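In: quick one: sequence plus predicted model below, questions after.
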Amino acid sequence: MKELLSIRNFKAYYQTSSEEVRAVDGISLDLNEGEILGIAGESGCGKSTFSISLSCLFPPPLKYISGEIFLDGIDITKLNTQEIRKSILGPKISFIPQSSMNALNPTIRIRNFAIDIVKQHEPKTTRENIIHRVIERFESLSLPKDVLNRYPFELSGGMRQRTLVILSTIMNPEIVIADEPTSALDVSSQREVIELLKIMVKKKIMKSLIFITHELPILRQIADGIAVMYAGQIVEIGSVSDILFNAHHPYADVLMSSMIVPEKGMREKNLPSVSGTPPDLRHAIKGCRFADRCPEFKKDCREKDIEMVELTKGSFVRCIHPLRTKK
Amino acid sequence: MPGNPITGIVSKMASGGAPSDVLEKLYNSYIQEFGLDKPLYIQFWDYLVKVLHGDLGVSFSLYPIRVNEILAKALPWTIALQVPSIIIGWLLGNFLGVTAAYKKGKFDSVLFPFSLFISCIPYYCLAIILLYFFGVVLHILPTNGGYSMNLVPSFSISFILDVLKHYFLPFLSIVLVTIGGQAVGMREMSIYELNTDYVNYSKSLGIKESKIIRYVFRNAMLPQITGLALSLGTMVGGALIVEIVFSYPGVGTWLFNGIRQQDYPLIQGGTLLVTMAVLTANFFIDIIYSFVDPRIKASQIEE
């Protein structure tokens, strides 16, 4: 498997004149071709900030601090905005936004927006060719092609989100970052979007997918691997089955056990919860960020910053007292 | 307005030194001619019937010229002055507003207070300032009229140049005030639009700035079109005052003359014309709006 994306110790902070919020604080991650990586975590853990930073546009007050993002061997954090706009966004990295309701320009037909996107990257392609290509894409994924002649407000929520998926992948991007693409949808539309994404990875329309969500059951359906984020850092990365049923980091463990599964006895069961709130990211935190809330807290947890360690192949954890390990 | 306009007309003739019984006769014949001896409601009915037949009556001050003739002569000047200046001012103002919202920084911090300042100046004030500066101090542009008195209207180059010279200052003062008001409103709308999801999504697909500005311009413009329809009356009113300042031979100046000389038919005709023009323009703006915003059209069809 070819490695596609490699992120090394990446940091991006929100900086205002008076404060600094360490929203993404040292993320390292590898993504292989054909892989679907899920990123899970609670609100405010930096999932969305991380996904925005991957565009390397850093809208203020978000600011790039340090670290590298290697895409095909090129560190894209070193490129200027023009180069990123021209050669990275669209053909290499593409985004599927969360709010399908407002993500499309309300006064322009889907067809014309598709033309605008392609024209940015291939100025010489004629309108007819572009339309032809988009129609083909719609038909190959068995979606109605008359969507193209419509305005966004004429589409249903589910159809709009699927249209977004198609528009985002028109340039056959290498990596697609989907930031909670299903959270505004009902369950049946959710399923349709997820099936669509799965088919597209299988058909190699995109090489790999990063799927950000707080809805864990969805990750079970779609992801190959899961990265769990807490307070701006990844605390555990591993395969879906590992993380779901065999998590090593105490936070990942509680997060996964809070998932409601439709099985007998669930109704009577009390779901575990963690007391306390996530740490304030405006201040530097020494040691483990979960220490305050951790049920497995030991004295040495707060002594020094914790690094990611590889437990088994492809399974990393940021904990010095990981669960379920034989010692 | 106190005073009898007929007395005015007759006393003007009396300055020639006519005997009083002749003046008495003259007075009565004028009263009859204008129908002023009839009861008020009949006068009003007559007026309505005439207006529906397209007759605005005879001017008091310029007897026996008909109001229709006066307004027909004045209207082209007013249309030629107001339509382009309001449209250009509106477009420029909106364009500057969206640019200020997008560029932020220095451009915005200069343009925004300037627009706010200009939009608060009454039309006549700005017109007088411009007139004083360009016409009186610098002596480079004429201060009054639609063309020089010593020229005969024709399609010669010298006449057209002369007309353009007279055109410039009134045009500029209307355009400037319109720009100010529109730029302020458009800036607010665009700041709002620039934070919408579709702008961020378009950016994340690598769409270039100029294209995104065009999206934003188009969408932020929609409420501005409604705003134009609402403020058109005020705009036209203000522009008519500009005509008075520059003694431009348009409807505004004639309306002002009519008021000064108690020329009721002229005032009635002028205001009726302006009202009709504003209403018609509003009607067309409403129709245009449904073409520019597909959502409006869709909701109309559903109904």
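Out: That came through, no problem. Numbers count the residues shown, from 1 in each chain, chains lettered A, B, ... in the order given.

In: excluding sequence neighbours, find me the nearest residue to residue 245.
Out: All of this refers to chain A. A:M256 (7.6 Å; C-beta to C-beta, 6 or more residues apart in numbering or on different chains). All C-beta spots, glycine's among them, are computed from the backbone N, C-alpha and C.

In: not quite, I wanted chain B
Out: Nearest to B:V245 is B:A127, by C-beta to C-beta, 6+ apart, at 4.1 Å.

In: how much space separates the one you found from B:V274?
Out: To B:V274, B:A127 is 18 Å away according to C-beta to C-beta, to the nearest Å.

In: looking at those two, which is more packed in?
Out: B:A127 (26 against 18; other C-beta atoms under 10 Å in any protein chain shown).

In: remind me which residues of the chain are low pLDDT?
Out: In the absence of a named chain, chain A is used. Chain A contains residues with pLDDT under 70 at A:1, A:100, A:326-327.

In: my bad, the chain I had in mind was chain B
Out: Applying pLDDT under 70 to chain B picks out residues B:1-3, B:14-18, B:298-303.

In: residues of it that sit close to chain A?
Out: B:196-198, B:200-208, B:211, B:215, B:218-219, B:222, B:292-295, B:298 (C-beta under 8 Å from any C-beta of the partner chain).

In: drop anything exposed from these.
Out: B:196-198, B:200-207, B:215, B:218-219, B:222, B:293-294 (16 or more other C-beta atoms under 10 Å in any protein chain shown).

In: flag every residue of the stretch 1-150 of chain A that's near chain B.
Out: Counting by C-beta under 8 Å from any C-beta, the residues of the stretch 1-150 of chain A that sit close to chain B are A:55, A:57, A:59, A:84-86, A:88-91, A:94-95, A:97, A:99, A:101-108, A:116-117, A:120-121.

In: show me those that map onto helices.
Out: The helices, defined by DSSP state H, take in A:116-117, A:120-121 from the residues of the stretch 1-150 of chain A next to chain B.

In: so which strand or helix has A:A178?
Out: Here A:A178 sits within strand A:175-179, counting by DSSP states H and E.

In: and the contacts of that strand?
Out: With C-beta atoms under 8 Å, 6 or more residues apart in numbering or on different chains as the test, strand A:175-179 has contacts from A:4-5, A:31, A:47-48, A:51, A:54, A:71, A:92-98, A:168-169, A:197, A:206-212.

In: the same query, at a cut-off of 6 Å, please.
Out: Contact with strand A:175-179 is made by A:5, A:48, A:51, A:54, A:93-96, A:98, A:206, A:208-212, as judged by C-beta atoms under 6 Å, 6 or more residues apart in numbering or on different chains.

In: if I look at B:S231, how far off is B:V278?
Out: From B:S231 to B:V278 the distance is 10 Å (C-beta to C-beta).

In: now swap in A:E268 and tell me
Out: Counting by C-beta to C-beta, the gap from A:E268 to B:V278 is 73 Å.

In: so between these two, which is more surrounded?
Out: Using other C-beta under 10 Å, the more surrounded residue of A:E268 and B:V278 is B:V278, with 17 against 6.

In: list the contacts of that one.
Out: Listed by C-beta under 6 Å, 6+ apart, the contact partners of B:V278 are B:232-233, B:236.

In: show me which of these is closest to B:Q261.
Out: Distance to B:Q261 across the contacts of B:V278 (C-beta to C-beta) is lowest for B:V236, with 22.7 Å.

In: in a helix, that closest one, correct?
Out: Yes. B:V236: assigned to a helix according to DSSP: H, G, I helix; E, B strand; the rest coil.
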